[in-house]
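Asks: let's see this in three dimensions:
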Amino acid sequence: MSQIDVSYVMTVYNKEAYLPSVLKALLNQTGSFTREYIFVDDCSCDRSVQIIEEMTRGLPHVHIIQNTHNRGISVRINQGIQLAKGTYIRMLDSDDIFPLDSTEQMMKLAKKHAADMVYGTFIKTGKEPEALTHCYMPTDIPYTYHKDALRAVLAGRFTRMGQLIKRQVLQAAHGADERVFIQDETIPLRAALLADGIIKMAADVVLVPRENGNLSGVKIQLDHDRFLAHYYFLTDHPELAADIQKTLYAKAVSDFWKYTRKTRKAPYLTSAFFVYLGTKLYHPMPSRPRLDNMAAIIGQASVLKVKGE
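Replies: Now for the predicted structure:
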């Protein structure tokens, strides 16, 4: 096999309405780099796999992985990450549409600054998928380079797969935390811990079409999983610097308060709110007993009944 520059890894679950447009934009990415496509299906029961087969027929370096049990996004994205051979990995959900030159622009910045991670923003367009398949990015995109990737990740929010990451870094980080259903928070944290430099682009590298029931609309699920992402990362890495521990703790406490507000419909003046307020005002070091108690409450939730993507 010739050297692969970019491995595209897509998780797939019942997105036949989006896939023709998503694949059209993906397969028409500009640039002379070599690429491979890894599609990991999580037991779709519609025509998703057939559409992928039809639209990629005859292309080199296409891998379609069909599974027999539904395991969720984090497990399936890791399955694809481990199979990747490219210098860089770019991941996407099966309803994410890339501007046609987005990978090329991200790679140029990664190489220019020898950065292991490149991130861009996303936009919810409200448009039909087909209307987004001919979009390009603007020229002269503003961006910032940060040597300390982890602190840069903690200073922002990185979601919707708007990322290009060095394969060796992402594989060494073991991809997403499979204890957490949605991968949005865990992949940036785990990769940034090992990465040498990150670039944050002030431009949309993911175009979100009109949505129809994807998980970004399940706010309780997102708060649930964000808490677990920050909780596990904090407790897995007690060696982290004090300021990083404080930031992770504040994020976990905020996630927990938002989760309890939505699930219990509680008034503001609750113990969870006062703990949240205390972290905002005093920036304390993490309280492991308090975190473990929050995790126990979160762990009793039934929110993880959501399947697929």
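Asks: thinking I51 is in contact with E16, fair?
Replies: Yes: with contact defined as Cβ atoms under 8 Å, I51 reaches E16; the gap is 5.9 Å. For glycine as for every other residue, the C-beta is placed from the backbone atoms N, C-alpha and C.
Asks: more neighbours: those two, which one.
Replies: Neighbour totals were compared for I51 and E16, and I51 leads with 21 against 16 (other Cβ atoms under 10 Å).
Asks: quickly find the element holding that one.
Replies: Per DSSP states H and E: I51 is located in helix 48-56.
Asks: just Q221 next, same as before
Replies: According to DSSP H and E, Q221 maps onto helix 219-236.
Asks: what's the answer for P20, then?
Replies: Element membership for P20 (DSSP H and E) is helix 19-27.
Asks: same check on L150?
Replies: Going by DSSP H and E, L150 is part of helix 149-154.
Asks: got the contact list for the nearest residue to I220 once chain neighbours are set aside?
Replies: Nearest in space to I220, with sequence neighbours left out and distances taken as Cβ to Cβ, 6 or more residues apart in numbering, is K262 at 5.0 Å. By Cβ atoms under 8 Å, 6 or more residues apart in numbering, the contact list for K262 reads 219-220, 223.
Asks: so which of these wins on neighbours?
Replies: Result: D223 is most packed of those (other Cβ under 10 Å), 22 neighbours.
Asks: what about that one, distance to W257?
Replies: In this structure, D223 and W257 are 9 Å apart, going by Cβ to Cβ, to the nearest Å.
Asks: what do those two both touch?
Replies: By Cβ under 8 Å, 6+ apart, no residue touches both D223 and W257.
Asks: is F273 in a helix, a strand, or coil?
Replies: Taking DSSP: H, G, I helix; E, B strand; the rest coil as the rule, one finds F273 in the helix state.
Asks: what's the burial count for the nearest residue to D5 once chain neighbours are set aside?
Replies: In space, and not counting its chain neighbours, D5 is closest to F33: 3.8 Å by Cβ to Cβ, 6+ apart. Close neighbours of F33, defined as other Cβ under 10 Å, add up to 16.
Asks: local confidence estimate at F33?
Replies: Each residue has a pLDDT score; the one for F33 is 98.
Asks: so what's it up against?
Replies: Each residue near F33 by Cβ under 8 Å, 6+ apart is listed here: 5-6, 103-104, 107.
Asks: same check, this time on N28
Replies: Applying Cβ under 8 Å, 6+ apart to N28 gives the contacts 100, 133.
Asks: let me know the pLDDT of it.
Replies: The predicted local confidence for N28 is 98.
Asks: so where is this protein shaky, pLDDT-wise?
Replies: Along the chain, segments meeting pLDDT under 70 span 1-2, 159, 212-217, 266-267, 300-309.
Asks: on that earlier part again, okay, the angle between the next helix or strand after the helix holding I51 and helix 48-56?
Replies: As assigned by DSSP H and E, the chain's next helix or strand after helix 48-56 is strand 62-66. Counting by axes from the mean of the first three to the mean of the last three Cα atoms, to 10 degrees, strand 62-66 lies at 170 degrees to helix 48-56.
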